[in-house]
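Undergrad: Attaching a predicted model along with its sequence, questions to come.
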Amino acid sequence: MAIFAIADLHLSFGVDKPMDIFGEKWKDHHITLTNNWKQRITGDDWVIIPGDISWGLHRTEILPDLDFIDKLPGKKIIIKGNHDIWWGTAKKNRELLEENGFETIRFMYNEAIKIDDVIICGTRGWLCPGDKDFNKEDISVYNKEVARLLNSIHCAYRLKENNEEIICFMHYPPFGNISCTQTGSLSEHTEFTKIIEENGIKRCFFGHVHSPDKQKSCHIDSLVTEYKLIAADFIDFLPLRIQ
């Protein structure tokens, strides 16, 4: 058994949203993703997908995308992204899976999930203070996501029995003010990174960032935690093995 991760699938089988408008790399990306996935992943493996799985706005629009994911090899854990408008309560999400017979998918929301010697935790995240687009309307959402991250990590520690590694996944980068300079990136620590590092989380994976310049410079210095971008286009639609 192995564990893989990839964010930002941006599927659109149920809506008219061709991704190649965002660049040649996205042309028929579902075919590239399928081929890469089947070459690497077996039915015994797990794949963590932290957000933005579908452009569908309503549950009927996302069913073809969930069906696509469900039929790919492996068991999948999905975390909410900013484009996952269809996302409902934990109860409604479970009912969605059950009613449509999706057996390889699990949604993670305000919890943690143990997989052998690894415990998966995390949340969607949000824009962080210092980001050029952050405004007063974002404050309450940011604070809620900070609380959800802390709760998820607490859940992870309650699942911990021996030396299991707790790995954090977020959709948004957990740090703020991502901008590019000639010498690299300018990023600031946030409440997210403070919580992650104070709880001894050694690895944090995230998506959301698609600008090529920002992707190349999307990092922050830390002596505690390795932060790694796993947006699908950044890792060439090849799920990254993390365990």
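TA: Noted; the coordinates are in hand. Numbers count the residues shown, from 1 in each chain.
Undergrad: Check the chain and tell me which residue is nearest its centre.
TA: residue 50 (1.5 Å; C-alpha atoms, centre = their mean).
Undergrad: give me the low-pLDDT residue ranges for the protein?
TA: Applying pLDDT under 70 to the chain picks out residues 177-186.
Undergrad: Surely residue 81 touches residue 51?
TA: Yes: between residue 81 and residue 51 there is a contact under C-beta atoms under 8 Å: 2.4 Å. For the C-beta atoms, the positions are set from N, CA and C on the backbone; glycine is no exception.
Undergrad: Identify the contacts common to the two.
TA: Counting by C-beta atoms under 8 Å, 6 or more residues apart in numbering, the residues touching both residue 81 and residue 51 are 7, 8, 124, 171, 207, 208.
Undergrad: where along this protein do the strands fall?
TA: Counting by DSSP state E, the chain has these strands, from start to end: 3-5, 46-50, 75-79, 105-107, 113-115, 118-123, 165-170, 176-181, 184-188, 203-206, 226-229, 240-241.
Undergrad: Throw those into JSON lines and include distance to residue 135, thanks.
TA: Output for the strands of the chain, formatted as JSON lines (distance: least, C-beta to C-beta, whole Å):
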{"stretch": "strand 3-5", "distance to residue 135": "31"}
{"stretch": "strand 46-50", "distance to residue 135": "24"}
{"stretch": "strand 75-79", "distance to residue 135": "25"}
{"stretch": "strand 105-107", "distance to residue 135": "29"}
{"stretch": "strand 113-115", "distance to residue 135": "34"}
{"stretch": "strand 118-123", "distance to residue 135": "21"}
{"stretch": "strand 165-170", "distance to residue 135": "21"}
{"stretch": "strand 176-181", "distance to residue 135": "13"}
{"stretch": "strand 184-188", "distance to residue 135": "17"}
{"stretch": "strand 203-206", "distance to residue 135": "22"}
{"stretch": "strand 226-229", "distance to residue 135": "25"}
{"stretch": "strand 240-241", "distance to residue 135": "33"}
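Undergrad: longest helix of this protein?
TA: helix 138-159 (DSSP state H).
Undergrad: Tell me which other helices or strands that helix touches.
TA: Counting contacts by 3 or more C-beta pairs under 8 Å, 6 or more residues apart in numbering; DSSP states H and E, helix 138-159 is packed against strand 118-123, strand 165-170, helix 191-198.
Undergrad: Please identify which of these is closest to residue 28.
TA: strand 165-170 (26.8 Å; C-beta to C-beta).
Undergrad: in its sheet, what does the closest one sit against?
TA: strand 118-123 (parallel), strand 203-206 (parallel) (DSSP bridges).
Undergrad: Kindly export the longest helix of the chain (C-alpha atoms) in CSV.
TA: Only the C-alpha atoms of helix 138-159 are listed here, as CSV (Å, rounded to 0.1, in the frame of the first residue of the first chain):
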residue,chain,number,x,y,z
ASP,A,138,-12.3,37.5,4.5
ILE,A,139,-11.5,37.8,8.2
SER,A,140,-14.3,35.6,9.5
VAL,A,141,-13.8,32.9,6.9
TYR,A,142,-10.0,32.9,7.7
ASN,A,143,-10.7,32.6,11.4
LYS,A,144,-13.2,29.7,10.9
GLU,A,145,-10.6,27.9,8.8
VAL,A,146,-7.9,28.4,11.4
ALA,A,147,-10.3,26.8,13.9
ARG,A,148,-11.1,23.9,11.6
LEU,A,149,-7.4,23.2,11.1
LEU,A,150,-6.8,23.2,14.8
ASN,A,151,-9.7,20.9,15.3
SER,A,152,-8.5,18.5,12.6
ILE,A,153,-5.0,18.3,14.2
HIS,A,154,-6.6,17.7,17.6
CYS,A,155,-8.6,14.8,16.0
ALA,A,156,-5.4,13.5,14.5
TYR,A,157,-3.7,13.4,17.9
ARG,A,158,-6.6,11.5,19.4
LEU,A,159,-6.1,8.9,16.7
